[in-house]
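Peer 1: let's see this in three dimensions:
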Amino acid sequence: MVHLPSNVRPINCMRTYSMSRFLSIILFLLVIQPALAVAKPAPSAKEAKRVLIIYSLDQLHPAHILTEQAICKVLRENRNYQVQLYTEYLDMGRFHSTGQAKIMSDFLRRKYAELKIDVVITVYPDALDFLLKNQEHLFPGVPIVASEVTRSYAENLNRSPARRRVTATILGDNAEGVLEAALRARPDTQRVALVAGSSPVDAHSELFLRSALKKCARRLELIDLTKLSMSETLARVSKLPRNTVVLYGSIVMDGAGQSFVPRDALTLVSRTANAPTFGTYDSLLGYGIVGGRLISFERHGKVAAELALRVMSGVSPGDVPFAGDDAYVDIYDWREIKRWQIPESAIPAGSEIRFRQATFWELYRLFIIAAIVIAIVEASLIVTLVINLKRRKQAEKELVESQLRLDLAADSAGAGLWSMDVKTGRIWATDRTLLMFGYAPGDEIDVKKFYAIVHPEDRDRITRTVDTAVRDKKAISDQYRITLPDGSIRWIAVKGNIQVNPLGETVSLLGATMDITERKKMEQDLQEKRIELTHVARVSTMGQLASTLAHELNQPLGAILRNAEAAELFLQDPSPDLDELRAILADIRKDDQRAGVVIDRMRAMIRQRKAERCRLDLNLLVDEVVVLVKSDADKRHVRLAMDVAPSLPPVHGDGVQLQQVLVNLLLNAFDALDENLVDKRLVTVSMQTVGATVEVAVSDNGPGIAKDKFPHFFAPFFTTKSEGLGMGLAISRSIIEEHGGRLWADNNEAGGATFTFSLPVMIGAAA
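Peer 2: Reported below is the predicted structural model:
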């Protein structure tokens, strides 16, 4: 694309000048008031405090996120202390064994051994239980603010010796209020379907929901859907009888042991249910509940932070009353109200209604304002256009001078310039461009002559590219081949842009071309070498499996020999048993086919071949690789586990290359395992769909990857093995990236490492 000097286009310059004056006035009016504000003096230095927040569940738990945001806001904005926050997540919804608790206790003790923590804030009762059970060596004597404990838990805490160092926020049990909201919305309700999971957190919410339902036992029939698997829960809520509402507690873990984020589980339930769904927490709004007087985790976080500030000031936690049992908000989801045709008269006055559909003005006011502004700007541009017409002759003169300078610059860079008139199709070109295309200097050419020398395989594409650029006013950047009069083929790179008149009409296409034949040849050398290197790596990998593959072949071959010897013995009998001979021949045929499959897999992996992309079923591909390496795993005493998704969408790729990647990752995983852990070596292959991609992960329970090795792990020639070349992972990443995917590594929390690659789902395939 050619860039003209700034003074060549006076029309655009004046347009910019008028626009700048207009916008300057608007900006001045917008900023003058803040600019006149009196500057505040800098705050004085604050006393430093350290606060540790320990959450019961995982980092992505929605209630924890809301709580943390409120805690951080209050502590950050307080005037007395400079608070340093530390956060830890126990993830007890998924890991709640005694051994896991001990590991976390030792980890936290060592991690914070050198730090003085002033206050610990725990979220949910499990975190407080964990802290009190380990209080002898984990933050002994440090005051605790226990956020979001149940009322019964708070009553027990108030009678215990731990009360001297603990104050708390009580997570209200407003289940009756939520049930009242449901009955207001659906006065004809006769049944309530109670949905909850099987984790300790789920049990808390289920308990106080049942307590509220007991008071309505005579009026309402209870449909108990607690502690079921998610599939069974969805099947049940989709067929609820009429005049039923769903009361949702939480599902951190369903009855089958599958973990969920509670509001994600709610989304599944509410979308499937044939009745409106109600819940007790504000973190669930927007994911399927209608609403009501809900427990606010944000307010609980605010109250917990305020209690922590009181403790920091020197007040003993035992002297700080429990708080937070009034942390409710009245909010409703407008979309659920409309979905279930709930009259707005059933919504209490003063309630907040979220997700309401905006009015036409609310949706398009910016566009309306912009249209008015554009009309004003266009009026000013018309005036500017009249002025600029007088300067056009001067601009044309400067344009000619600029063109001469551009010709000189293009010749110096080895490029040729050209311009195509859109209406006539005539092409102006520099002498270098004409010579590049096989014409003599001074020859007249047009679009037809140009298309005639474009290689037939590229002609239609280049034609569409030019037409699209002219029609849609888009820039051109492409590469194509031309056939010269002597029959030689050259590669050409082109870049161009459209030129428009003051009315916005496309008048010409202006650009530059460069002969890149030599560069293309170099790229094709490089491509062939990469294919050869990939093949060498594949053969090397199969070499590692040679002994185990030989063992895999020896078994069917040995069986064939034994069956053949048995057949000879039968044939020595004057009246041989033909049925027995047929059975022996069937066994020989089966063992022969088994050996043939092994040989075919070896041939596919070893032979030199071009990449062949096709539709692939990753489940079948992984099964073939597992069969290939199974003997090697058995030889090394490695247990090979599979976590296969039954309905993975297909991908588009080269099966042999992807098998090469998976074999390399599996062999690396085998090598990484501790030789001393003979009975505990485990390698797991798992697959899942993530958005528009399919992820395949290979995990081991070895020592993991050292931190200083991470930056170099996929670099060529880097290896941690004494006999390795260091090319396996580099080639594997190259193969995956050529398929449009990614390959990465992570250390596992429980030890070992996981190598994961993702591939895009085949276009047009169902996810």
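
Peer 1: pLDDT weak spots in the stretch 401-550 of the chain?
Peer 2: 401-414, 523-524, 526-550 (pLDDT under 70).

Peer 1: which helix or strand in the protein has the lowest average pLDDT?
Peer 2: helix 10-35 (a mean of 44; mean pLDDT, DSSP states H and E).

Peer 1: beyond that one, next helix or strand please.
Peer 2: Following helix 10-35 in sequence order, the next helix or strand is strand 47-55 (DSSP states H and E).

Peer 1: show me where the stretch 651-767 of the chain has strands.
Peer 2: 651-653, 682-690, 693-700, 742-747, 753-760 (DSSP state E, counting those that start in this stretch).

Peer 1: who's in contact with the third one?
Peer 2: Contacts of strand 693-700 from elsewhere in the structure, counted by Cβ atoms under 8 Å, 6 or more residues apart in numbering, are 618, 622, 648-649, 651, 662, 665-666, 669-670, 672-673, 682-689, 741, 748, 752-761. Any C-beta I mention is one placed from the backbone N, CA and C, and that applies to glycine too.

Peer 1: for the record, mean pLDDT for it?
Peer 2: For strand 693-700, mean pLDDT is 94.

Peer 1: for residue 275, find the nearest of the strands of the stretch 651-767 of the chain.
Peer 2: strand 682-690 (30.0 Å; Cβ to Cβ).

Peer 1: give me the neighbour count for residue 241.
Peer 2: 12 (other Cβ atoms under 10 Å).

Peer 1: and the nearest residue to residue 741 once chain neighbours are set aside, how far from residue 99?
Peer 2: Leaving aside its sequence neighbours, residue 741 sits nearest to residue 759 (Cβ to Cβ, 6 or more residues apart in numbering; 4.3 Å). Using Cβ to Cβ, to the nearest Å, we find residue 759 at a distance of 36 Å from residue 99.

Peer 1: who's more crowded, those two?
Peer 2: Comparing residue 759 with residue 99 by other Cβ under 10 Å, the one with more neighbours is residue 759, at 21 against 8.

Peer 1: name all residues that make contact with residue 131.
Peer 2: 54, 120, 122, 138-139, 144.

Peer 1: helices of the stretch 451-600 of the chain, residue ranges please.
Peer 2: 456-472, 517-544, 546-571, 578-606 (DSSP state H, counting those that start in this stretch).

Peer 1: let me know the average pLDDT across the last one.
Peer 2: What that stands for is helix 578-606. 65.

Peer 1: what's the following helix or strand after that helix?
Peer 2: For helix 578-606, the succeeding helix or strand toward the C-terminus, using DSSP H and E, is strand 614-616.

Peer 1: not counting that next one itself, show me its contacts.
Peer 2: 650-655, 658, 762.

Peer 1: same check on stretch 250-257?
Peer 2: Applying Cβ under 8 Å, 6+ apart, the external contacts of stretch 250-257 come out as 57, 93-94, 195-199, 201-202, 205, 227-233, 259-260, 262, 265-266, 269, 281.

Peer 1: and these, which are buried?
Peer 2: The neighbour-count test (16 or more other Cβ atoms under 10 Å) marks 57, 93, 195-199, 201-202, 205, 227-228, 230, 233, 259-260, 262, 265-266, 269, 281 as buried among the contacts of stretch 250-257.
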